[in-house]
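Enquirer: Attaching a predicted model along with its sequence, questions to come.
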Amino acid sequence: MNHGSLNPATRRLFLQRGAFGLGALGFLQAAGGLRGEPPRAAGGVLKELHHQPRAKRVIFLFMGGGPSQFETFDPKPKLNKLWGEPMPHSLTKGQRVAQLQGAPLVILGTHRKFAKCGKAGTEVSDLLPHLRKVMDEITLIRSMQTDAINHDPGVTFMQTGHQLPGRPAMGSWLSYGLGSENQNLPAYMVLLSGQGQDQNVKARYWSSGFLPTLHQGVQLRSPGEPVFYLANPPGMSSPVRRRILDSIRELNEVHLAATGDPEIATRIAQYEMAFRMQTSVPELTDWSKEPKSVLELYGEEVRKPGTFAANCLLARRLAERGVPFIQLYHRGWDHHDGIQGRIIQECKKVDQPCAGLLRDLKQRGLLKDTLVVWSGEFGRTPMAQGDSQAENYGRDHQMRAFTSWAAGGGIRAGAVHGATDEFGYNVVANPVHVHDLHATMLHLLGIEHTRLTYKFQGREHRLTDVAGKVVAGLLA
């Protein structure tokens, strides 16, 4: 293509443009090769890991809205004994609660029944019969803590390590640090399911923040076309599309040579990724050849696109294709009212798919190097929201103590880490802050969390901000 009328820059001049030109060339090569050449294995900024990794990838099962630990993983018999009584003032005095501020704080029990499961006898609710059967693979973290008490700051904090928007998400940090072994799919993939009480899932939750936008998450939509404009328009063949992209690339290279803007390099790399995804994504989302026995692991909902079950199967397919960070968002856990009925519905949606995912990964030999994490942005209070004697009561937000779990990828199997008091209000043993969870995740991936940084506005930033410690008690 003749650029004479646009800019006298040539490819040779582009490569001679000092640090900008050479740096951009290296960026483009790492992002997938030049001018349609077969992509080579890409690496992130970490040329070598800080220590031997236990995990190669992460599947983060995020339960938007804040699941109640009292109906799922943290039984508190005393709440049932004192149902309807005032919460001890000594525990709640001066403490932050969300909608309950200034309201009578009344103890709320549960109708759920807990039973000991697995070799360790971990107590799990009757709402989770399938997870009960795989507790030997799971470590419950009953001592989780966060800084945020409302949903948007809470989700933002869990995803980015900061309550305010603008920081890179977990998956973006991993894409930046590790790159990906699969150059036909993005390093950070996002899947959505469920509905919540006005709890919208915002695209900025998987933003790359101040990192190059090459590292932002890519959402797979369902139902419908998994990625917008994935198919060629009528009358356009792949060879024609390739020629158009090559021409656009030449124009972008001229602009990059003139300005040195790294976002132009990102644009070039993303055009190439989009072209490769035209082949890789349809193959990924076609599971017509999946055996019936595998589909049955995830339950009947797996046959319905866009459900949590279907997304869990997609997560396994992404994991076996080498995608390093796979984020599932499932909304519907914000139970300020009607908790005894509504939580039954949500547990039914996620119980078998979560257990099926662990079984599927294990039978394929993937669980040993796939870290699976299940968590909400916070938990729920032991105090009732609404009339605790009526049928429409719920629970408020609880930042001081909640339950998450993890499995595979170097995590201890079949254990319980941490504990809360008899009311489930405060952590009394082995607290795990969100920063600690992030530090531990990075550790299992071979990264020292204080050494994966990015300089922005004069400061070295990291996922764990200025805190975080690796939780040795979670490691196998």
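Expert: Right, received. Where do you want to start?
Enquirer: and residue 75, what helix or strand is that in?
Expert: Using DSSP states H and E, residue 75 is not contained in any helix or strand.
Enquirer: swap in residue 405?
Expert: With DSSP H and E as criterion, residue 405 is part of strand 402-407.
Enquirer: Rounded mean pLDDT for the helix or strand just after that strand, please.
Expert: Going down the chain from strand 402-407, the next helix or strand is strand 415-417, by DSSP H and E. If you average the pLDDT over strand 415-417, you get 98.
Enquirer: Tell me the gap between strand 415-417 and the middle of its chain.
Expert: Relative to its chain's centre, strand 415-417 lies at 22 Å (Cα atoms, centre = their mean, to the nearest Å).
Enquirer: elements contacting that strand?
Expert: Applying 3 or more Cβ pairs under 8 Å, 6 or more residues apart in numbering; DSSP states H and E, one finds that strand 415-417 makes contact with strand 138-145. Every C-beta, even on glycine, is put in place using the N, C-alpha and C of the backbone.
Enquirer: any idea of the angle the strand it packs on forms with strand 402-407?
Expert: 150 degrees (axes from the mean of the first three to the mean of the last three Cα atoms, to 10 degrees).
Enquirer: If you count contacts, what does the helix or strand just after strand 138-145 end up packed against?
Expert: Next in sequence after strand 138-145, counting helices and strands by DSSP H and E, comes helix 151-160. On a contact count with 3+ Cβ pairs under 8 Å, 6+ apart, helix 151-160 meets strand 57-64.
Enquirer: strands paired with the strand it packs on, and their directions?
Expert: If you go by DSSP bridges, strand 57-64 pairs up with strand 325-331 (parallel), strand 370-375 (parallel).
Enquirer: could these go into a markdown table alongside distance to residue 403 and mean pLDDT?
Expert: Formatted as a markdown table, these follow (distance: least, Cβ to Cβ, whole Å; pLDDT from 0 to 100):
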| stretch | distance to residue 403 | mean pLDDT |
| --- | --- | --- |
| strand 325-331 | 16 | 97 |
| strand 370-375 | 8 | 98 |
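Enquirer: Of the ones you listed, which is nearest residue 432?
Expert: The closest of the strands paired with strand 57-64 to residue 432 is strand 370-375. By Cβ to Cβ, the value is 10.4 Å.
Enquirer: who are the neighbours in contact with residue 448?
Expert: By Cβ atoms under 8 Å, 6 or more residues apart in numbering, the contact list for residue 448 reads 50, 51, 442.
Enquirer: same thing with residue 221?
Expert: 227, 228.
Enquirer: ditto for residue 285
Expert: Contacts of residue 285 by Cβ under 8 Å, 6+ apart are 220, 222, 226, 314.
Enquirer: For the stretch 201-350 of the chain, which segments count as strands?
Expert: Residue ranges of the strands in the stretch 201-350 of the chain, as given by DSSP state E, counting those that start in this stretch, are 218-220, 325-331.
Enquirer: how about a markdown table for those strands, with mean neighbour count and distance to residue 292 added?
Expert: As requested, the strands of the stretch 201-350 of the chain are arranged in a markdown table below (neighbours: other Cβ atoms under 10 Å; distance: least, Cβ to Cβ, whole Å):
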| stretch | mean neighbour count | distance to residue 292 |
| --- | --- | --- |
| strand 218-220 | 20 | 24 |
| strand 325-331 | 25 | 23 |
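Enquirer: Of these, give the one that comes closest to residue 102.
Expert: strand 325-331 (28.4 Å).
Enquirer: what's the angle from the closest one to helix 151-160?
Expert: Using the same axes, to 10 degrees: strand 325-331 against helix 151-160 is 160 degrees.
Enquirer: Can you pull the poorly scored residue ranges out of the stretch 351-476 of the chain?
Expert: Counting by pLDDT under 70, the stretch 351-476 of the chain contains no low-confidence range.
Enquirer: and residue 213, how far is that from residue 60?
Expert: Taking Cβ to Cβ, to the nearest Å as the measure, residue 213 falls 21 Å from residue 60.
Enquirer: The two: who's more crowded?
Expert: residue 60 (23 against 15; other Cβ atoms under 10 Å).
Enquirer: Give the bridge partners for the closest residue to residue 61 other than its chain neighbours, please.
Expert: Distance criterion Cβ to Cβ, 6 or more residues apart in numbering; nearest residue to residue 61, sequence neighbours excluded, is residue 374 at 4.4 Å. Here residue 374 sits in beta bridges with residue 61, residue 405, going by DSSP bridges.
Enquirer: Run through the helices of the stretch 201-350 of the chain in chain order.
Expert: 238-259, 262-285, 292-298, 308-320, 339-363 (DSSP state H, counting those that start in this stretch).
Enquirer: How about the stretch 1-150 of the chain?
Expert: 11-15, 18-32, 77-81, 89-92, 129-132.
Enquirer: just how off-centre is the third one within its chain?
Expert: Taking the mean C-alpha point of helix 77-81 and that of its whole chain, the gap between them comes to 34 Å (Cα atoms, centre = their mean).
Enquirer: mind saving the C-alpha coords of that helix as CSV?
Expert: Taking Å, rounded to 0.1, in the frame of the first residue of the first chain, the C-alpha atoms of helix 77-81 are listed here in CSV:
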residue,chain,number,x,y,z
PRO,A,77,-26.2,-23.1,66.3
LYS,A,78,-26.3,-20.3,68.8
LEU,A,79,-28.1,-18.1,66.3
ASN,A,80,-31.0,-20.5,66.3
LYS,A,81,-31.1,-20.7,70.1
